[in-house]
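what shape does this take:
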Amino acid sequence: MMRTSKNGIELIKRFEGCRLKAYKAVVSEKYYTIGYGHYGYDVTQNMSITIDQAESLLTQDLAKYESVVNTHMVLHYPDMNQNQFDALVSFTYNCGISNLYKLTASGIRNYKVIADKMLLYNKAGGKVLKGLINRRKAERDLFLRKV
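Below is the predicted model of the structure:
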């Protein structure tokens, strides 16, 4: 089982940022976000956490997304390298598990196609966001970088 490297964690942290008070990135979102992009029913309005709690939530969230990427990708792309793994964990952390499955539809896509398709996931609330354009480019660059 692969684990996210320091490079992958730094990529996630750079784009997620760390906010110790709960917020909604987009008003229409169902749940609040806190820490390094931790999102879900367990985050409530006006909630505050410490940096140590943010790190702990990141570790928990990474374990979930690493497991999904490991299970899905090893099955369909067994020769995946560390940079590809890190890029896909970052992608999944931000875009969700169902979008990982769409991005990497088995038997259809090779690594170059996956890398290029990453760039299409640049919208939130139906709007193209510069931050997502930049994140997808960084993930794509990491995905294509030789180990």
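
can you list the buried residues in the lengthiest helix in the chain?
In the chain, taking DSSP state H as the definition, the longest helix is helix 51-76. Residues of helix 51-76 classed as buried by neighbour count (16 or more other C-beta atoms under 10 Å): 54, 57-58, 61-62, 65-66, 68-70, 72-73. (Each C-beta comes from the backbone N, C-alpha and C, glycine too.)

same question, stretch 6-24
For stretch 6-24, the neighbour count (16+ other C-beta under 10 Å) marks 8-9, 11-13, 15-16, 19, 22 as buried.

I'd like those residues as TSV, with pLDDT appended.
Supplementary listing: these in TSV, determined by pLDDT from 0 to 100:
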residue	pLDDT
8	98
9	98
11	98
12	98
13	98
15	97
16	96
19	98
22	98
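
turn the buried residues of helix 51-76 into JSON lines, including pLDDT.
As requested, the buried residues of helix 51-76 are exported to JSON lines (pLDDT from 0 to 100):
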{"residue": "54", "pLDDT": "98"}
{"residue": "57", "pLDDT": "98"}
{"residue": "58", "pLDDT": "98"}
{"residue": "61", "pLDDT": "98"}
{"residue": "62", "pLDDT": "98"}
{"residue": "65", "pLDDT": "97"}
{"residue": "66", "pLDDT": "97"}
{"residue": "68", "pLDDT": "96"}
{"residue": "69", "pLDDT": "96"}
{"residue": "70", "pLDDT": "94"}
{"residue": "72", "pLDDT": "87"}
{"residue": "73", "pLDDT": "85"}
